[in-house]
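*Asks:* Here's my sequence, what's the structure:
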Amino acid sequence: MKRVITQPAIKGIYAITPDQSNSKILFKQVEACCVGGIDILQYRSKTLSRKKRFEQAREIKSITDEYKIPLIINDDIDICIQLDAFGIHLGKDDESIKDARVALGANKYIGLSCYNEIDRVEMAIKNKADYVALGACFKTKTKPKAPIVSIKMIKMVTQKYSVPIVAIGGVTLDNISILKQNGIQCFALINSIFSSKDIALTIKKLKLKI
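*Replies:* I've put the predicted structure just below:
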């Protein structure tokens, strides 16, 4: 019997997978994320073949389903549909929110990267995105050239708009509290989680900070 994932609020620890060609390692890491208590997982790969990405996403979906963790697929509507994932995350050059909504229907979540651009936040809200991501909030190894979103802007956006805001980019145990103090309720992490020697413990420590 399939376990049903209820529609969650977009909040808590939002883990994003790194590019990992070794699927066994990736699956073990994802399981550790679930054991640690993540609230959302995004499968993201920018270097693997489409076939490899589908195979990884399919296995990850079985893991996240077991733990009732919503799975977001990065920038691949077809995989999202094929796996009946919880939703899709779109970046700057990905398909439009309107096109994604037509393809996915009303019940799938759609998130949009807005970087440090207020215009994109407002466009996302106008087009009924379910959440927006701001970042990089701090310097990050994943996107070293990404513009930094000021704490002032983060506070302004969280106060002005009701859409759920996900903070991403350089989020660590040392700075996650700063984001919380300025209105952020959802925290996306890649390196701080997947580079950890004890992923489950790291997530538990992060959750204590929020």
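*Asks:* pLDDT at A146, what is it?
*Replies:* pLDDT recorded at A146 is 82.
*Asks:* Just give me the neighbour total for it.
*Replies:* A146: 19 surrounding residues under other CB atoms under 10 Å. The way it works is simple: take the backbone N, C-alpha and C, and place the C-beta from them, glycine included.
*Asks:* mind listing what it touches?
*Replies:* Taking CB atoms under 8 Å, 6 or more residues apart in numbering, we find A146 in contact with 115, 135-136, 140, 169.
*Asks:* can you give me the helices for the chain?
*Replies:* Assigned by DSSP state H, the helices in the chain fall at 23-36, 50-66, 77-83, 97-104, 118-126, 151-160, 176-181, 191-194, 199-209.
*Asks:* ok so, going back, among the contacts of A146, name the ones in strands.
*Replies:* Y115 (DSSP state E).
*Asks:* Would you check which pair of the contacts of A146 lies furthest apart?
*Replies:* Farthest pair in the contacts of A146 (CB to CB) is Y115 and T140. Separation: 12.2 Å.
*Asks:* could you list every residue that touches I40?
*Replies:* By CB under 8 Å, 6+ apart, I40 lies in contact with 8, 10, 12-15, 69-70, 72, 86, 186.
*Asks:* Report the buried members of those.
*Replies:* With neighbours counted by 16 or more other CB atoms under 10 Å, the contacts of I40 contain buried members at 10, 12-15, 69-70, 72, 86, 186.
*Asks:* Low-confidence ranges, this structure, go.
*Replies:* For the chain, the stretches flagged by pLDDT under 70 are 1-8, 93-95.
*Asks:* do that again at 90, thanks
*Replies:* Scanning the chain with the threshold set as pLDDT under 90 gives 1-9, 92-95, 139-147.
*Asks:* Give me the nearest residue to D130, chain neighbours excluded.
*Replies:* The shortest distance from D130 to any non-neighbouring residue, by CB to CB, 6 or more residues apart in numbering, is to Y109 (4.3 Å).
*Asks:* Contacts only, for that neighbour.
*Replies:* So Y109 contacts 10, 70, 72, 86-88, 130-131 (CB under 8 Å, 6+ apart).
*Asks:* same thing with E55?
*Replies:* By CB under 8 Å, 6+ apart, E55 lies in contact with S23.
*Asks:* Isn't K61 up against C80?
*Replies:* No. When contacts are counted by CB atoms under 8 Å, K61 is not listed as touching C80 (10.1 Å).
*Asks:* If you count surrounding residues, which of the two has more?
*Replies:* Set K61 next to C80 and count neighbours by other CB under 10 Å: C80 wins out with 26 against 22.
*Asks:* distance of the more buried one from A167?
*Replies:* Separation of C80 from A167 (CB to CB, to the nearest Å): 23 Å.
*Asks:* And N22, by the same measure?
*Replies:* 29 Å.
*Asks:* and what of S195?
*Replies:* 18 Å.
*Asks:* ok, the two, which is more surrounded?
*Replies:* Using other CB under 10 Å, the more surrounded residue of S195 and A167 is A167, with 29 against 12.
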